[in-house]
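> Give me a 3D structure for the following:
(one chain, ligands or ions: 1)
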Amino acid sequence: MPEKALFREEDVDKLQNFHYAYKKTVAKYHACRLDFFYKLFCFSHSTGDVSTTDIKNLLSALEIISTLKSNAVDEVSTHSLFIEIEKQQKKLVEQGEMVIEILKADRIQTDSIHKLIVIMKQFDVLLNRLDLGLTASLTDVDELTGLLNRAAFERTVKKLQAQSSRSGEMLSLAIIDADHFKEVNDTYGHNFGDYVLEELADCFEKHIRPLDSVYRYGGEEFLVLLPNTDTEQAERVMNRLREEVAKLPLSNDGISVAQTVSIGIASLECDEDPDEAIERADEALYKAKDTGRNKVILWQDK
Ligand SMILES: Nc1nc2c(ncn2[C@@H]2O[C@H](COP(=O)(O)OP(=O)(O)OP(=O)(O)O)[C@@H](O)[C@H]2O)c(=O)[nH]1
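Numbers count the residues shown, from 1 in each chain. Coordinates of the predicted model:
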């Protein structure tokens, strides 16, 4: 899957404005939702002067997607999560209308209200995920694994190189590649492959040290930046990680597999183009692949 940076630097302001408008809209939605249920309650118990038109008006006030869309930068409104929210909103309105029709016919059906509540809960989960994504500025997060992506790597690596230039500390870089991953996809399907990638990402995040950072660089390839670490230390850290991966119980839908990874390591000089260090780490990675996989290899000058 090609990585796609969702935002350019200059879009960050627009994104922040959208996030602010988003929070306000979602807060209004929640307040309005309470009113909606209150009026439903009043109508069904014949308390107060509430008509189904009042309830219908509140239902249309719950349609927040058009407000959100008019404020959103294209990268948000075309994002898969936003499209999912739109779909869920449509379901919510359809079910809300059904509840109103049932009320008009003078029948109280808790089933239909219950169904509406279930849809609203799912809607909330999606709204919350979008909120978290916006907080992490969407740009930086890989949609499948939730790891930082290539754009985040490119930004961070420059900062770490500048730090390492000031402190004189070594900076190391590792490339991790899943072994025989094509076979996993071909044998068990792409969805199972996606599941394995998500589990690998969780394992990496769990087992890297707090100052290290891991990125999904593309497909089944990940990068780790290890500040204040020379290549021999990086080799030890990566070997521990490699062992953790090999121990992972990967089991989904009745399928179980064992997955290993190969890792290449290179030092990252503070004044070089990071692509050069990536190339060296890649060379080491291919040596690990050529000599049996499930290994960590340090790049060495010939
Ligand atoms: N399920 C899934 N597969 C992906 C994704 N991105 C890349 N891939 C697959 O990863 C596989 C990579 O295969 P290859 O580069 O041939 O390497 P490999 O089979 O892992 O073999 P070695 O690297 O030599 O051990 C291909 O089948 C890609 O389709 C993704 O997001 N999800």
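> ok, the residue in the stretch 101-250 of the chain positioned nearest to the ligand - contacts?
Minimum separation of the stretch 101-250 of the chain from the ligand (CB to the nearest ligand atom) falls at Gly193, amounting to 2.5 Å. Quick note: C-beta positions are derived from backbone N, CA and C, even for glycine. Contacts for Gly193 (CB atoms under 8 Å, 6 or more residues apart in numbering) come out as 181, 184-185.
> Just the pLDDT for it.
On the pLDDT scale, Gly193 is placed at 95.
> and the contacts of Gly193 as JSON lines, adding distance to Glu84, pLDDT and neighbour count?
JSON lines is the format used below for the contacts of Gly193 (distance: CB to CB, whole Å; pLDDT from 0 to 100; neighbours: other CB atoms under 10 Å):
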{"residue": "Phe181", "distance to Glu84": "27", "pLDDT": "96", "neighbour count": "18"}
{"residue": "Val184", "distance to Glu84": "26", "pLDDT": "95", "neighbour count": "22"}
{"residue": "Asn185", "distance to Glu84": "24", "pLDDT": "95", "neighbour count": "16"}
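> Just those residues: which are in helices?
Within the contacts of Gly193, residues falling in helices by DSSP state H are 181, 184-185.
> Going by distance to Ser66, which of those residues wins?
Lowest distance from Ser66 to those (CB to CB) belongs to Asn185, with 39.2 Å.
> Report the entries of the ones in helices among the contacts of Gly193 that also contact the ligand.
181, 185 (CB under 6 Å from any ligand atom).
> How about the residues of the stretch 151-300 of the chain by the ligand?
177-183, 185, 190, 193-194, 197, 219-220, 289, 293.
> Which members of those residues are classed as buried?
Among these, those classed as buried by 16 or more other CB atoms under 10 Å are 177-179, 181, 185, 193, 197, 220, 289.
> Strands of the stretch 51-200 of the chain, residue ranges please.
Ranges of strands within the stretch 51-200 of the chain are 171-178, based on DSSP state E, counting those that start in this stretch.
> Can you pull out the low-pLDDT segments for it?
107-108, 136-139 (pLDDT under 70).
> Do a quick rundown of the helices in it.
52-61, 65-71, 74-77, 80-104, 110-135, 150-167, 181-188, 190-207 (DSSP state H, counting those that start in this stretch).
> quick revisit: any idea which of the buried ones among the residues of the stretch 151-300 of the chain next to the ligand is closest to Arg242?
Asp179 (10.3 Å).
> Can you name the residues that contact the closest one?
259-262, 289, 293-294.
> Can I have the buried ones of those as a ChimeraX selection?
Burial among the contacts of Asp179 is assessed by 16+ other CB under 10 Å; the matching ChimeraX selection reads:
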select :259,261,262,289,294
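> Columns secondary structure on top of the contacts of Asp179, output as a markdown table?
Output for these, formatted as a markdown table (DSSP: H, G, I helix; E, B strand; the rest coil):
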| residue | secondary structure |
| --- | --- |
| Gln259 | coil |
| Thr260 | coil |
| Val261 | strand |
| Ser262 | strand |
| Lys289 | helix |
| Arg293 | coil |
| Asn294 | coil |
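> Farthest-apart pair in the contacts of Asp179, please.
Longest span within the contacts of Asp179, CB to CB: Gln259 and Lys289, 14.6 Å.
> quick revisit: with distance to Tyr22 as added columns, please give the ones in helices among the contacts of Gly193 in TSV.
Formatted as TSV, the ones in helices among the contacts of Gly193 follow (distance: CB to CB, whole Å):
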residue	distance to Tyr22
Phe181	37
Val184	38
Asn185	36
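> which other helices and strands contact the longest helix anywhere in the chain?
Longest helix in the chain, counting residues (DSSP H): helix 12-44. Applying 3 or more CB pairs under 8 Å, 6 or more residues apart in numbering; DSSP states H and E, we find helix 12-44 packed against helix 52-61, helix 65-71, helix 80-104, helix 110-135.
> same thing but 7 Å
helix 52-61, helix 65-71, helix 110-135 (3 or more CB pairs under 7 Å, 6 or more residues apart in numbering; DSSP states H and E).
> Tell me which of those helices sits most buried.
Stretch with highest mean neighbour count among the helices and strands packed on helix 12-44: helix 52-61 (a mean of 17; mean count of other CB atoms under 10 Å).
> helices or strands up against it?
Using 3+ CB pairs under 7 Å, 6+ apart, helix 52-61 sits against helix 12-44, helix 80-104.
> between the residues of the stretch 151-300 of the chain next to the ligand, which is nearest Phe123?
The closest of those, once distances to Phe123 are taken by CB to CB, is Asp194, at 24.2 Å.
> Now the phi/psi pair for the nearest residue to that closest one once chain neighbours are set aside, please.
Using CB to CB, 6 or more residues apart in numbering and skipping residues adjacent in sequence, the residue nearest Asp194 is Leu144, 6.0 Å away. Main-chain torsions, Leu144, degrees, to the nearest 10: phi -70, psi -50.
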